Each structure stands twice: as structure tokens, then as C-alpha cells.
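Undergrad: could you look at this predicted model? Sequence included:
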Amino acid sequence: EESGLSPTWITDILPSVIQDLNRYGVCVVDNFLGSDKAQPILQEVEALHVRGLFEDGQVVSPNVQDQARGIIRGDKITWVTGNEPQCANIRRLVSAVDSIIAKANHHQDAGQLAKYSITWRSRAMVACYPGQGARYVKHVDNPDGDGRCITAIYYINKDWTPEGGGVLRIYPEGNSQVAEIEPLFDRMLFFWSDRRNPHEVLPANVTSRYAITLWYYDQKEREEYLSRASASTAST
Ligand SMILES: Cc1cc(NC(=O)CCC(=O)O)nc(C)c1Br
Ligand SMILES: [Fe+3]
């Protein structure tokens, strides 16, 4: 495995990822890589920060409401493919998540996952909330069928405490239960990207709240979206 993780590691957590996504639409995996592998990822992210590579949370999707949302987005982000020289450990994280998503998608008991054909993903978005109450307003990642079906977020905040804030609050559709996800070190989170999971980041007080996000695309929805997008530009 390119991720440097044992194949049994993936088969151990695969059932819970499939089960939780099918049952709750959300799945949290703690001690995802183990601290010996998580620590170097944190160091790479801090190095990106020190090198000033984080931009103000610029809009990452073209739609207008995201531009409006710009004013209530406190995160600073940078995009990495994982192939950059100082991102070897981020690369291992990305390939570990790729393996899990691919195996879950093709698993015989994939359930709702089976209706997707996940052939593509975004680059890794490394985000930093700089504290002083920085937050992200309640939103849906993929409200209008842009192809994204799974959001995968990896948190790397050591010694997080409730005073640190920056909890991710998810409002699973049709469920009165709100999920509050603390952005703990070496914690992996998966959730459906569409309207089933509106979510927000509560004000972060800790100096730098770090997270690495990957979005996985369903091929069919993505192709339909791109053909709609090209049709609309063609007609303009
Ligand atoms: C750029 C961008 C970031 C996010 N991030 C979160 O929702 C925060 C998750 C967390 O860090 O806990 N979501 C969207 C739809 C866009 Br676009
Ligand atoms: Fe989001």
C-alpha cells in the first residue's frame, strides 16, 4: 500500500465506514493513522502555514451564494495534490483515504454506496481556522448535484479542548439529532456531501484549527453536471 499502512488496517475499519455511512450518513474514525503517522502530517501542514501558503478562504465553487458566503468564512486554505515535495505524508493520507473509498464503493455490502461509481476526487484542501472566533456558516457542500458524493475530512489538532471551539456541527436531514464533531488529532470523518448533511464550523478560539478535506465524485452525476455547465456556457 502506498499509504504505508497494512492492508488489514483497511479491512478492519471498512465495515464501520460502510455501516455508519449507510445508517447515519456520517462516520467518524478515531486514531485513523496512528500518532506516529499523524504527527508528520501535522508538521507538513504547519510548514505550509509558516511558509505563508494559506490564502483567505477564497470561494472554491463558482456559484453565487458561495461568493456571498465569502464574508462569513473564516478559514484560510491551500490546495495540495500530495505530490509536492514537502507533502509526502499528506500524500500517504490521501492514498489511504482513496483506498478506503474505493474498497467501500466496490464492497459487496456497500448499500447506498453501491449506487455511486466513485472515479474521481478533488485535490486535498488544507484549511486553517486562525482562531479569534473564525467560523464557517451553515451550508451544504453539494446542494445542486455538482457530482460530489462523499466529503472526507481529516483533523490534526493536538490536545484539543472544548475551549478551543471549532466543533463541526452536522444537522443530518430528517434527524432531530445534531452531530457535534470535535476536530481531534488523527480523527477521520466521512459524510454524504449533499443536502443530507448541512453543517457548520462553530467559532474556533484555538490559534490554528487544521483540517484536510477531500471530496469524492460520482462519475455519472459529475458528467451530467459538466454537460449542463458546458451547455449553459455554450448558450450564453
Ligand atoms: C471551502 C469549503 C470548506 C468547507 N468546509 C467545511 O464545511 C468545514 C469542515 C471542517 O473543517 O470541519 N465546506 C465547503 C462547502 C467549502 Br466550498
Ligand atoms: Fe462544508
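TA: Structure's in. What do you need? Numbers count the residues shown, from 1 in each chain. Ligands and ions are numbered 1, 2, ... in the order given.
Undergrad: can you show me the strands along this protein?
TA: For the chain, applying DSSP state E gives strands covering 26-29, 55-56, 76-80, 118-121, 124-129, 134-139, 148-155, 168-170, 179-181, 187-192, 199-204, 209-218.
Undergrad: partner strands of the longest one and their direction?
TA: This points to strand 209-218. Next to strand 209-218 in the sheet, as set by DSSP bridges, lie strand 118-121 (antiparallel), strand 124-129 (antiparallel), strand 148-155 (antiparallel).
Undergrad: repeat for the third one
TA: Using DSSP bridges, strand 76-80 pairs in its sheet with strand 55-56 (antiparallel), strand 124-129 (antiparallel).
Undergrad: tell me the average confidence for the first one?
TA: Over the span of strand 55-56, the pLDDT mean works out to 73.
Undergrad: next one: stretch 144-153
TA: Mean predicted confidence for stretch 144-153 is 98.
Undergrad: show me the contacts for Gln43.
TA: Asn89 (CB atoms under 8 Å, 6 or more residues apart in numbering). Bear in mind the C-beta positions are built from the backbone N, C-alpha and C, glycine included.
Undergrad: rewinding a little: dump the strands paired with strand 209-218 to a markdown table, plus mean neighbour count and distance to ligand 1.
TA: Formatted as a markdown table, those follow (neighbours: other CB atoms under 10 Å; distance: least, CB to the nearest ligand atom, whole Å):
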| stretch | mean neighbour count | distance to ligand 1 |
| --- | --- | --- |
| strand 118-121 | 16 | 15 |
| strand 124-129 | 23 | 6 |
| strand 148-155 | 24 | 5 |
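Undergrad: where among the strands of the chain is average confidence lowest?
TA: Of all the strands of the chain, the minimum mean pLDDT falls on strand 55-56 (a mean of 73).
Undergrad: contact partners of stretch 218-232?
TA: So stretch 218-232 is contacted by 116-120, 145-149 (CB under 8 Å, 6+ apart).
Undergrad: and which of the residues you listed is nearest to Ile101?
TA: Ile118 (5.8 Å; CB to CB).
Undergrad: wait, what's in contact with the closest one?
TA: So Ile118 contacts 101-102, 105, 149-150, 216-219 (CB under 8 Å, 6+ apart).
Undergrad: from the residues you listed, list just the buried residues.
TA: For those, a neighbour count by 16 or more other CB atoms under 10 Å gives the buried set as 101, 105, 149-150, 216-218.
Undergrad: okay, the residues you listed in CSV with distance to Leu53 next?
TA: Shown next, in CSV, are these (distance: CB to CB, whole Å):
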residue, distance to Leu53
Ile101, 26
Asn105, 32
Cys149, 28
Ile150, 26
Tyr216, 24
Tyr217, 25
Asp218, 30
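Undergrad: which residues in this structure form helices?
TA: 7-24, 35-50, 64-69, 88-106, 219-235 (DSSP state H).
Undergrad: for those, state which one has the densest average packing.
TA: Highest mean neighbour count among the helices of the chain (mean count of other CB atoms under 10 Å): helix 88-106, with a mean of 20.
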